[in-house]
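# I'd like to go over a predicted model; first the sequence, then the structure.
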Amino acid sequence: MRELKIETKLFVFENENELPPNIGKLLKEAKKARLNAYAPYSNFAVGAAILLDNNEVITGSNQENASYPSGLCAERTAIYYAGAKYPKAKILKIAVVAGALQNETNQPIPPCGACRQAIAEYEVNQKSPIEIYFMGTVGNVIKSNSLENLLPLIFDKSQL
Ligand code: THU
């Protein structure tokens with residue numbers, strides 16, 4: 001038996017002002033998208049904004065359904081739209097803003113496991129890292145330099 005140790009590195013920013021203006025702008029887009037969340041069942045609204053290498057910004061929000069599992073997270077709504085609209089573009093950055101509708105939170109909300117897996121598909125295909133920024137509705141922002149940092153032991157097409 002031998003031990004396998006996996007390390008990951010994240011960066012914590014006090015607030016959006018500590019970030020470069022282009023990231024602040026992307027987080028603002030995610031905040032704006034969050035206002036379009038359809039979340040009557042969880043009352044938890046999420047917005048995502050994706051910056052592509054063609055300079056386009058694609059946004060998405062969570063879209064719920066009376067048949068709960070049919071709903072979709074903000075990150076996947078956005079990334080599948082980006083893939084559908086600009087199949088050749090590389091994804092440079094994703095910003096995510098999330099929190100309950102009723103109250104503000106400064107706890108950064110990371111993408112769920114299913115969204116990490118979905119983002120991984122794009123990162124693996126484009127062979128370049130996707131920066132991920134996530135926050136609550138106010139305050140701290142966490143940055144990951146790649147999806148891989150959030151999902152060690154990635155499962156991808158090379159294993160099929
Ligand atoms: N949600 C997202 O949109 N992204 C995540 O990464 C976590 C969860 C949504 C799904 C559901 O509409 C609500 O938040 C509560 O789980």
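Now that the structure is in, tell me what you want to look at. If you're wondering where the values come from, they're calculated on a predicted model, not measured in any experiment.
# Now do the strands in the chain.
Under the criterion DSSP state E, strands of the chain are mapped to 10-13, 44-52, 57-61, 91-100, 131-135, 141-144.
# in the longest one, what's buried?
Going back to what we said before, that points to strand 91-100. Across strand 91-100, burial judged by 16 or more other C-beta atoms under 10 Å covers Ile91, Leu92, Lys93, Ile94, Ala95, Val96, Val97, Ala98, Gly99. (Each C-beta comes from the backbone N, C-alpha and C, glycine too.)
# relative orientation of that strand and strand 131-135 in degrees?
10 degrees (axes from the mean of the first three to the mean of the last three C-alpha atoms, to 10 degrees).
# what's strand 91-100 in contact with?
Strand 91-100 has contacts (C-beta atoms under 8 Å, 6 or more residues apart in numbering) with 23, 26-27, 29-31, 34, 43-53, 74-75, 78-79, 82, 105, 109-111, 119, 122-123, 126, 130-137.
# go on, stretch 55-66?
By C-beta under 8 Å, 6+ apart, stretch 55-66 touches 26, 29-30, 32-42, 44-52, 71-79, 81-82, 85-86, 89.
# buried ones in it?
Under 16+ other C-beta under 10 Å, the buried positions of stretch 55-66 are Val57, Ile58, Thr59, Gly60, Ser61, Asn62, Gln63, Glu64.
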